[in-house]
Structures are given as structure tokens and as C-alpha cells.
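S.K.: Can you look at this prediction? I've put the sequence above it.
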Amino acid sequence: MQYEQFIVTAFEHQPAKWRARIRRVDGMPVLIRGLKKLDEFVTGIDGETAQAALLAAMAAIDSGTFSRKRGQARGSGS
């Protein structure tokens, strides 16, 4: 699903343990508050359902964990 400027997909990494992948819509790296550039971010907390994993990913996006601007992460001092 598309959410903000990100593509969020849920996947079952173990039976009944769901996580979500977060990628940018434009294909640029995901920027984590000036710390890292990643092709994709995978949530680290298991959800019991795909919906729970998607909601956790959307909450991370809403909290400002990821930069919404191309090429510049928030808090990077640039």
C-alpha cells in the first residue's frame, strides 16, 4: 500500500509473526533521521497480523522517523 511518500508491505517472516517493509515511492533510499540510508526498512517488532505490522510501519512514518525529503534526512544538520 502507498502511505505518504512510502510503499509499505506486510510479510509473514515466521508463522503468525508479521513485519512490514518500508520503501520510498520514488525509489530513493529511506533516510532515517540523518543516521542511515537504506534501500528499505523492515520493522523489528512482530505483529500478530498483517494489519498490525502495517499499522506499526505507518506509526513509524507518522512519528517522523524517516525523512520525507529527497537526499536530506531530518536532524542531519544540513
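M.R.: Nice, I can see it.
S.K.: all strands for this structure, in order.
M.R.: With strands called from DSSP state E, the chain shows them at 2-3, 6-14, 17-24, 30-32, 36-38, 41-42.
S.K.: ok, Ala10 - how many residues close by?
M.R.: The number of residues packed near Ala10 is 20, by other CB atoms under 10 Å. Glycine gets a C-beta too; all of them are placed from N, C-alpha and C.
S.K.: Would you check that Arg24 makes contact with Ile7?
M.R.: Yes. If you go by CB atoms under 8 Å, Arg24 and Ile7 touch, sitting 7.5 Å apart.
S.K.: hang on, the earlier thing: and the strands of the chain: which comes nearest Gly64?
M.R.: Counting by CB to CB, Gly64 lies closest to strand 30-32 out of the strands of the chain; the figure is 10.5 Å.
S.K.: For the residue nearest to the spatial centre of the chain, give me its contacts.
M.R.: Per CA atoms, centre = their mean, the C-alpha nearest to the average position across the chain is that of Ile22, at 3.3 Å. By CB atoms under 8 Å, 6 or more residues apart in numbering, Ile22 lies in contact with Phe6, Ile7, Val8, Val30, Glu40, Phe41, Val42, Thr43, Ala57, Ala60, Ile61, Phe66.
S.K.: Any of the residues you listed buried? List them.
M.R.: Buried residues within the contacts of Ile22, counting neighbours by 16 or more other CB atoms under 10 Å: Phe6, Val8, Val30, Phe41, Thr43, Ala57, Ala60, Ile61, Phe66.
S.K.: In the protein, what helix or strand scores lowest on average pLDDT?
M.R.: strand 36-38 (a mean of 83; mean pLDDT, DSSP states H and E).
S.K.: Would you mind pulling the contact partners of it?
M.R.: For strand 36-38, contacts defined as CB under 8 Å, 6+ apart pick out Pro29, Val30, Leu31, Ile32, Ala73.
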